[in-house]
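S.K.: Task: produce atomic coordinates for the following.
(one chain, ligands or ions: 1)
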Amino acid sequence: MISSENYGIVVHGGAGVMSNLTEAQQKIIEQKLTKTLIASYQILENGGSSIDAVEFAVSEFEDSPLFNAGKGSVYASNETQEMDASIMYGKNRLAGAVASVRVIKNPVKLARAVAEETSHVLLVGDGAETFAKKNGLEIVDPIYFYSEKNLKRLKKLKNKVAENSSVQDKIGTVGAVAIDKAGNISAATSTGGMTNKMPGRVGDSPIIGSGTWAQNGVCGVSSTGHGEFFIKYQVAREVCTRMEYLNQSLKESTTNIINELKDIGASGGLIAIDKDANISTPFNTDGMIRGSITSNKTLSVEIY
Ligand code: ASP
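M.R.: Predicted coordinates for the structure are as follows:
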């Protein structure tokens, strides 16, 4: 293994309207990010693989009610919760994803199992859950995901839709992108989707090339935002494509794309890492929960 000095991890906890976060809530979020980043970075520092680091970080967020993924998933219009996740390993384009799952404690772990244990990339609904049971993944009763707060959010949003007033919800998908000492890039994303979505709606998070992309020698990306746009503009892959074919820097490529999305009314952001462990985290919303640690040991956690 060629060991590189340039390695690191970047994570996000969603982009959107953050102005209603109290200082105490911000602090709790920042603490969770810091703790998760330090533990994920340890995996890389010990010579572990980037795919282990991103899976670990995302599953930590899925276990927390703070984010819109796993435990904290938002509600669809019929008051059910359906989760999407994906993971990709840039060394060999190994990729796995799940969509519309309802009883999987950690959708990102199931996405990895799809990548490693099947010849498919994306499993949905009942088929994905049956596969999870056979593979020993942790299954939970839907009550595990119950959230009074998220139900209130759904009701509020429904009222706004009925009033025809502008609908801006705090969105809080999670993601992680890392490069390890061997130069392997991985990315993972997990979400409960968007509040008040139609049952059966699938966003960008489990779509390889939209919500998640990892390509050794170029970059890795995890997106968050209004998923339909991120699918139509193939955002995660587009970041790497511009770097590869237009020779753009990570910063140039990512910021241009997020600005272009803003111009067409698509809100969101992304986190990305390149082959030299440079990091970029642009967003066009009023905030994006994000943090990183790289091999120069700088830890950064920000919301605005
Ligand atoms: N991109 C996610 C989706 O459309 C939502 C989010 O990032 O908050 O499902």
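
S.K.: Get me the contact residues on the stretch 151-300 of the chain for the ligand.
M.R.: With C-beta under 6 Å from any ligand atom as the criterion, the stretch 151-300 of the chain comes near the ligand at residues 171-173, 191, 193-194, 203-205, 224-225, 227. To be clear about C-beta, it is placed using only N, CA and C from the backbone, and glycine gets the same treatment.

S.K.: Those, buried ones only, as a ChimeraX selection?
M.R.: Filtering these down to the buried ones (16 or more other C-beta atoms under 10 Å) takes a single ChimeraX command:
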select :171,172,173,191,193,194,203,204,205,224,225,227
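
S.K.: would CSV of the residues of the stretch 151-300 of the chain next to the ligand with secondary structure be doable?
M.R.: Formatted as CSV, those follow (DSSP: H, G, I helix; E, B strand; the rest coil):
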residue, secondary structure
I171, coil
G172, coil
T173, coil
T191, strand
G193, coil
M194, coil
G203, coil
D204, coil
S205, coil
T224, strand
G225, strand
G227, helix
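
S.K.: for the residues of the stretch 151-300 of the chain next to the ligand, which one is nearest P65?
M.R.: G172 (10.5 Å; C-beta to C-beta).

S.K.: gap between the closest one and V114?
M.R.: 24 Å (C-beta to C-beta, to the nearest Å).

S.K.: isn't I185 right next to V177, touching?
M.R.: Yes - the pair I185 / V177 is scored as a contact, 7.2 Å apart, by C-beta atoms under 8 Å.

S.K.: more neighbours, those two?
M.R.: V177 (36 against 30; other C-beta atoms under 10 Å).

S.K.: Determine whether the claim that that one is in a helix is correct.
M.R.: No - assigned with three-state DSSP, V177 falls outside any helix and is strand.

S.K.: Which residues are in contact with it?
M.R.: By C-beta atoms under 8 Å, 6 or more residues apart in numbering, V177 lies in contact with 9-11, 54, 185-188, 214, 220-222, 271-273.

S.K.: and if you look at Y233?
M.R.: Counted by C-beta under 8 Å, 6+ apart, Y233 has contacts 257, 260-261, 266.

S.K.: With L270 instead?
M.R.: Counting by C-beta under 8 Å, 6+ apart, L270 makes contact with 12, 221-225, 235-236, 239, 254, 257-258, 281-283.

S.K.: Any stretches of the stretch 101-250 of the chain with poor pLDDT?
M.R.: 163-171 (pLDDT under 70).
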